[in-house]
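Colleague: Next one to model:
(one chain, ligands or ions: 2)
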Amino acid sequence: MSSQKKSLNDIKNKKLLPGKGLINGEWVASSASGNSTFDVVDPATLDVLATLPEMDKSDTAKAVDAAYEAFKSFKKTTARSRARMLRKWSDLCHENADDLALIMTLENGKTLAEAKGEVIYGASFLEWFATQAEMVHGQVVPPANLNQRIVTFKQPIGVAACLAPWNFPVAMITRKCGAALAAGCTTVWKPAGETPLSALAQAVLAEEAGFPKGSINVITSLTTVAEVGEELCKNPKVHKLSFTGSTRVGKLLMQQCSSTLKKLSLELGGNSPFIVFDDAKMSTALDAAILAKFRNSGQTCVTANRVFVQAGIYDEFAKQLTERIKKLKVGAGTDSDTFVGPLTHERAVEKAMAHVEDAKKHGGQVVYGGEPMGDIGLKGYFFQPTVITGMKQEMLTTREETFAPVIGLYKFDTEEEVIELANDCDVGLGSFVITENMARSWRVAEALEVGMVGVNLGMLSACESPFGGVKGSGFGREGGTQGLDEYLVVKSMLINVAN
Ligand SMILES: NC(=O)c1ccc[n+]([C@@H]2O[C@H](COP(=O)([O-])OP(=O)(O)OC[C@H]3O[C@@H](n4cnc5c(N)ncnc54)[C@H](O)[C@@H]3O)[C@@H](O)[C@H]2O)c1
Ligand SMILES: O=CCCC(=O)O
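Modeller: Ligands and ions are numbered 1, 2, ... in the order given. Next comes the predicted model:
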């Protein structure tokens, strides 16, 4: 065990901390009056890590102008040259992995092991889209009119605005921007105000990899997020907007984009059902549940929010799960034996508490945890890993993601019943099915109203697999072969061959 305090002073490659926003190849302060700034805070200690420019609408418009100008030449680069830059960027992520992981742990709170895993996962999108850049093919279409020939080809859509969340500060940048740049689009990045340092470090590496001035612009903002978001949505020079975050904000952005009819990808809130059948292997079910729920302290868009356990295995699963959870060490992500780090911001602790209180009010039993943690010698946003049994449909957690290390167990009897319960939900992103019966895994996977199903595992992350949802979880896919199409438009050319 090591509880040595780490800080940004421990970063070896100091270039990774530019401390400013990026517009047209220049690292710049806010142009707002008084050079406004905001603090980036370590959620484990509440220490201020860095002070960054609070950029506003006019900075955002400048960033869009820069991306718009850069697009005129960037769209003419070859896919092969873009692929080379993506591979170089990925190599730089690997070379700087320890520094990037520490930056992420300090600003987001996740453990160093998880942060390093995310850096490698983030880099995998760059490698993946490098392979996909040269796979953008058109079609030769058989014409009904013999005097015509018809072909289609795909072109980059234009300036892409990439709005990334605080829960995956590196991988959501590379998953969006890697695809956009591979397609030949130029980009304006808006990282979450809680975790901008990771995105700035990525921009440094992308520039070093050779992406030209103006192809990458980064707007840093915390309290000005609404005006920055609105400018990205309403500016007619932006043709594509990709957002990962809450359904509430996704709906607002979609409304704001309607005046300029932008192409949209929205990866919004989930409420993943995690279904354990009587025939499941207990060790598989426990490992998968712990990974699906406690990764990033419960703050993933595919976290196991509603854990449905079949009646025959319910009590034993609850008992063994609780035993395992009691052993999970909570602490700063920089301590090597920590499994559950802090939540990223204070609102998350309040939300977790509200869900626990609501479950208790409706008859749920808190068998372990259930409180914010004030006794671990750190001031940050810690919440006890929590197990609640006797979950019921009328509870708040049934309708909303808790986004915290709180696991609530619902009991069910039949396959038909659990499918109905799982689908009684207005969002549909991830889901998990734990069973040794292969026929059942197919039946349930086909019946669930979601974008992704994990069978006998607790994580859905793979750069080559399309990621996205249905219903209130949004639309569009990231990663996979589909991820690049989000940044491309199809053009058809009809040729008169009669004369
Ligand atoms: N899908 C995901 O990966 C994801 C990520 C973050 C939060 N969430 C969900 O949202 C809940 C609340 O989290 P929160 O308090 O950070 O959510 P929020 O709704 O306040 O913000 C979500 C994200 O949207 C950005 N944002 C907020 N207002 C914006 C605006 N007007 N224009 C552009 N961007 C804007 C924020 O920077 C943040 O990254 C969580 O508990 C979770 O359920 C989901
Ligand atoms: O929370 C959103 C992304 C999670 C993942 O890609 O595994």
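
Colleague: ok and the residue in the protein nearest ligand 1?
Modeller: Across the chain, no residue is closer to ligand 1 than residue 229, which sits at 2.2 Å (C-beta to the nearest ligand atom). To be clear about C-beta, it is placed using only N, CA and C from the backbone, and glycine gets the same treatment.

Colleague: Would you check that my belief about that residue contacting residue 188 is correct?
Modeller: No: in this structure, residue 229 is not within contact of residue 188 by C-beta atoms under 8 Å, at 11.4 Å.

Colleague: out of the two, which sits in the more crowded spot?
Modeller: Per other C-beta atoms under 10 Å, whichever of residue 229 and residue 188 has more neighbours is residue 188, with 32 against 24.

Colleague: Tell me who's in contact with the more buried one.
Modeller: 60, 63-64, 67, 159-162, 217-219, 232, 238 (C-beta atoms under 8 Å, 6 or more residues apart in numbering).

Colleague: switch to 10 Å and redo it
Modeller: If you count contacts by C-beta atoms under 10 Å, 6 or more residues apart in numbering, residue 188 has them with 22-23, 60, 62-68, 159-163, 177, 180, 216-219, 228, 231-232, 235, 237-238, 241.

Colleague: And the residue nearest to residue 135 when sequence neighbours are not counted, what's its pLDDT?
Modeller: Spatially, and ignoring its direct neighbours in sequence, residue 135 is nearest to residue 481 (7.4 Å; C-beta to C-beta, 6 or more residues apart in numbering). What the model reports as pLDDT for residue 481 is 96.

Colleague: Phi, psi for residue 481 please.
Modeller: Taking degrees, to the nearest 10, you get phi -70, psi -20 for the backbone angles of residue 481.

Colleague: quick one, what contacts it?
Modeller: Contacts of residue 481 were listed using C-beta under 10 Å, 6+ apart, and they are 128, 131, 132, 135, 464, 466.

Colleague: Roughly how far does the last one sit from residue 430?
Modeller: Taking C-beta to C-beta, to the nearest Å as the measure, residue 466 falls 12 Å from residue 430.

Colleague: So if I had to pick from those two, which one is more boxed in?
Modeller: Regarding residue 466 and residue 430, a neighbour count based on other C-beta under 10 Å identifies residue 430 as having more, with 27 against 15.

Colleague: Ligand 2 contacts on the stretch 201-350 of the chain?
Modeller: Contact residues, the stretch 201-350 of the chain versus ligand 2 (C-beta under 6 Å from any ligand atom): 300, 301, 302.

Colleague: can those go into JSON lines with extra columns for distance to residue 34, pLDDT and neighbour count?
Modeller: What follows is these, written out as JSON lines (distance: C-beta to C-beta, whole Å; pLDDT from 0 to 100; neighbours: other C-beta atoms under 10 Å):
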{"residue": "300", "distance to residue 34": "37", "pLDDT": "98", "neighbour count": "24"}
{"residue": "301", "distance to residue 34": "36", "pLDDT": "97", "neighbour count": "28"}
{"residue": "302", "distance to residue 34": "41", "pLDDT": "98", "neighbour count": "27"}
